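In: Curious how this folds, go ahead:
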Amino acid sequence: MHNIGLTIRWKEELVASSAEGSLVFEITMGTLHVYFPDENRWKNHVLDWAKMKWNIYLEAAREWRRQSNIPISVVPDAYVYEQKEEK
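Out: Okay, here's the model as predicted:
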């Protein structure tokens, strides 16, 4: 299994962190719900290191969902971006 940690951040964001970097996904806060980008949007919006890892991150998000009981939907317009680490 890949070591990807997922945590909710106050800005209605779900942060997925791995040794390679961190990606940020949309989560609504009133009624908690994660919107995960579909594979096409993923490939067009993530950096090269993550392009071929859609399935890995989706599985990590689904495992997190099973543990947190927060629903996840794969949608064509969900935002995703890389979080830059501060040095």
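
In: centroid residue for this structure?
Out: In the chain, the centroid-proximal residue (CA atoms, centre = their mean) is Phe25; its distance is 4.3 Å.

In: Would you mind identifying the next helix or strand past the helix or strand where it lies?
Out: According to DSSP states H and E, Phe25 maps onto strand 21-28. Per DSSP H and E, the first helix or strand lying C-terminal to strand 21-28 is strand 33-37.

In: Could you tell me the angle between that next one and strand 21-28?
Out: Our comparison of strand 33-37 with strand 21-28, counting by axes from the mean of the first three to the mean of the last three CA atoms, to 10 degrees, yields an angle of 130 degrees.

In: measure the closest residue to Trp49 other than its chain neighbours to Arg66 for me?
Out: The spatially closest residue to Trp49, leaving aside those adjacent along the chain, is Glu20, at 5.2 Å (CB to CB, 6 or more residues apart in numbering). (Glycine included, C-beta is placed from N, CA and C.) Noted for Glu20: a distance of 24 Å to Arg66, by CB to CB, to the nearest Å.
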